[in-house]
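>>> Structure for the following, please:
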Amino acid sequence: MFWHWRASFHDITLHDPYSNESFGVKFSSDLNCVLRNADCVIIATAHSLYSSLKANDFKKGSIIIDAVRLLDKEVFINSSLIFIAQGT
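So this is what the prediction gives:
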C-alpha cells in the first residue's frame, strides 16, 4: 500500500557540519541559531557535534526527534521539551 502525504512546511532549516547540500531548503552553518529558533528538531545523523547537545541548547517548548538515539534522554526528562527517541 502506498500513502501519499501532503504537508505544508514553513521555514525549514538544515544544518550539517560535513555538507552544505540544502536539498531544496534553507541551509545554515550556525547550529546555535538553528536550535534556538526551531519548533521541531530532527537529529538524523550521529555526528559527534550533536552528541553533546543539552536541553538548554534548544528553544523552550520545542520537539526533539532523535532518529539515531544519539542523545541521553535523561537530560531531557525535566525540561520543557518534548523528546522522542526513535531508531536503533
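
>>> contacts and neighbour counts: CA atoms only from here.
OK.

>>> Report the contact partners of Val68.
For Val68, the contacting residues are 43-46, 85-88, by Cα atoms under 8 Å, 6 or more residues apart in numbering.

>>> one more time with 10 Å
Going by Cα atoms under 10 Å, 6 or more residues apart in numbering, Val68 touches 42-47, 85-88.

>>> Pull up the gap between it and Ala44, please.
6 Å (Cα to Cα, to the nearest Å).

>>> Between these two, which contacts overlap?
Counting by Cα under 10 Å, 6+ apart, the residues touching both Val68 and Ala44 are 86-87.

>>> And the contacts of Val68, which is closest to Lys60?
Of all these, Ile42 has the smallest distance to Lys60: 15.4 Å, by Cα to Cα.

>>> Which secondary structure state is assigned to the closest residue to that closest one other than its chain neighbours?
Closest residue to Ile42 apart from its sequence neighbours, by Cα to Cα, 6 or more residues apart in numbering: Ile65 at 4.7 Å. What DSSP: H, G, I helix; E, B strand; the rest coil gives for Ile65 is strand.

>>> What's the local residue count around Ile65?
Look at Ile65: counted by other Cα atoms under 10 Å, it has 18 neighbours.

>>> Ok, Arg69 next?
18.

>>> Also Glu21?
So Glu21, with other Cα under 10 Å, has 12 neighbours.

>>> residues touching it, list them.
14-15, 27.

>>> give me that answer again for 8 Å
Contacts for Glu21 (Cα under 8 Å, 6+ apart) come out as Phe27.
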